[in-house]
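[1] could you work out the structure for the sequence below:
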Amino acid sequence: MGTKAKKYFEIAIDKLNEAKEELFRPEEDMVSYMVCKNSQFAIENYLKGYLLKNGVDVEDCDSIDSLYNQCLIINKNFEKVDLSDFQCRALHLNSQYCTEIPKVSNCFDAADNLDTFLRREKII
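    Predicted structure coming up:
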């Protein structure tokens, strides 16, 4: 695995862990925005790592949707990764979305499902 790809995967794993730690705090202590933002960073870095590992330049991909679509071109199994409940696929995170626990959980679940998929495919 290329050094750049490995670095993206390491960042993604760290961000997913940060999101998980925040999500499992008592509800009154949890910062929902941090769960969403770290989940978004995890997804973005997992996808960039996968693309770099497969020799794709990620500079032209300016959103999670564009990264995901590039991954689909390389590996149709990415269809198994459901990002439909993840509402922050555009370039910038919509912080208004990240205010309710069920929505925050959706963000985390999307990142966690991507992590599980990449491990099952023996990519990370």
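[2] counting contacts, what elements does the worst-scoring helix or strand of the chain on mean pLDDT pack onto?
    Every helix and strand of the chain was ranked by mean pLDDT, DSSP states H and E. The lowest is helix 101-120, at a mean of 89. Counting contacts by 3 or more Cβ pairs under 8 Å, 6 or more residues apart in numbering; DSSP states H and E, helix 101-120 packs against helix 3-23, helix 32-53. C-beta here means a position set from N, CA and C on the backbone, and glycine is covered the same way.
[3] just give the nearest non-adjacent residue to the residue most central in space within the chain, would you?
    For the chain, the residue nearest the mean C-alpha position is I43 (1.1 Å; Cα atoms, centre = their mean). Nearest residue to I43, sequence neighbours excluded (Cβ to Cβ, 6 or more residues apart in numbering): A111, at 5.0 Å.
[4] which ones are touching that neighbour?
    K15, L16, A19, N38, S39, Q40, A42, I43, Y46, F86 (Cβ atoms under 8 Å, 6 or more residues apart in numbering).
[5] among those, which two are most distant?
    K15 and F86 (14.1 Å; Cβ to Cβ).
[6] for those two, indicate the residue with more neighbours.
    Taking other Cβ atoms under 10 Å, K15 and F86 do not tie; F86 has more neighbours (25 against 21).
[7] distance of the spatially most distant residue from the centre of the chain relative to S105?
    Farthest-out residue of the chain from its mean C-alpha position, per Cα atoms, centre = their mean: E28, at 25.0 Å. According to Cβ to Cβ, to the nearest Å, E28 and S105 sit 16 Å apart.
[8] with E21 instead?
    E21 is 14 Å from S105, by Cβ to Cβ.
[9] out of these two, which sits in the more crowded spot?
    Using other Cβ under 10 Å as the criterion, E21 and S105 rank with S105 on top: 16 against 13.
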